[in-house]
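> would you be able to build a 3D model of this:
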Amino acid sequence: MSKARSRLMHQADAAFSQVVKWRDGHTCERCESDYYPECAHLITRDYKAVRTSLQNAVTLCRTCHAWFTHHPVEWENWLEDKWPGRLQQVKTRALKYERVDWQQERDHLRELLAQYEA
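Numbering: from 1, shown residues only. Alright, predicted model coming up:
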């Protein structure tokens, strides 16, 4: 990946993280804490087709995020209980290996963020 493409992807990541936290009210979806909210991906960011998909992320507090990172089976069970079918939909899309235009994605996410912040 070129340096320019990598920079755009990281800028999209930063905007994405903020959009997810705004969408979820800066509150953990599991315990409802607002202490250190973090953007948690349902499946790894390595799958570029869903890296910045709003379906592929939720806000978790730092504690819940760390716990789920080390308990992947419980993570998948919790996701299925909270949003039935969502994880499978994201996995299906991830396996399509769509090429992402990171500049377009970054710009779109920045527009969403501006709407949340307004």
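> make it CA atoms for all contacts and neighbour counts henceforth
Will do.
> check the closest residue to residue 79 other than its chain neighbours and give its pLDDT.
Take residue 79 and drop its neighbours on the chain: the residue closest to it by CA to CA, 6 or more residues apart in numbering is residue 87, 6.9 Å away. With respect to pLDDT, residue 87 scores 97.
> let me see the contact set for residue 87.
Residues near residue 87 by CA atoms under 8 Å, 6 or more residues apart in numbering: 42, 43, 56, 76, 79, 80.
> quick one: it from residue 39, how far?
From residue 87 over to residue 39 the distance is 16 Å, taken as CA to CA, to the nearest Å.
> same deal with residue 55?
Distance from residue 55 to residue 39, by CA to CA: 12 Å.
> same check, this time on residue 90
Residue 90 is 16 Å from residue 39, where distance means CA to CA.
> and the residue most central in space within the chain, what does it touch?
By CA atoms, centre = their mean, the mean C-alpha position of the chain lies nearest to residue 57, the distance being 3.0 Å. Going by CA under 8 Å, 6+ apart, residue 57 touches 20, 39, 40, 41, 42.
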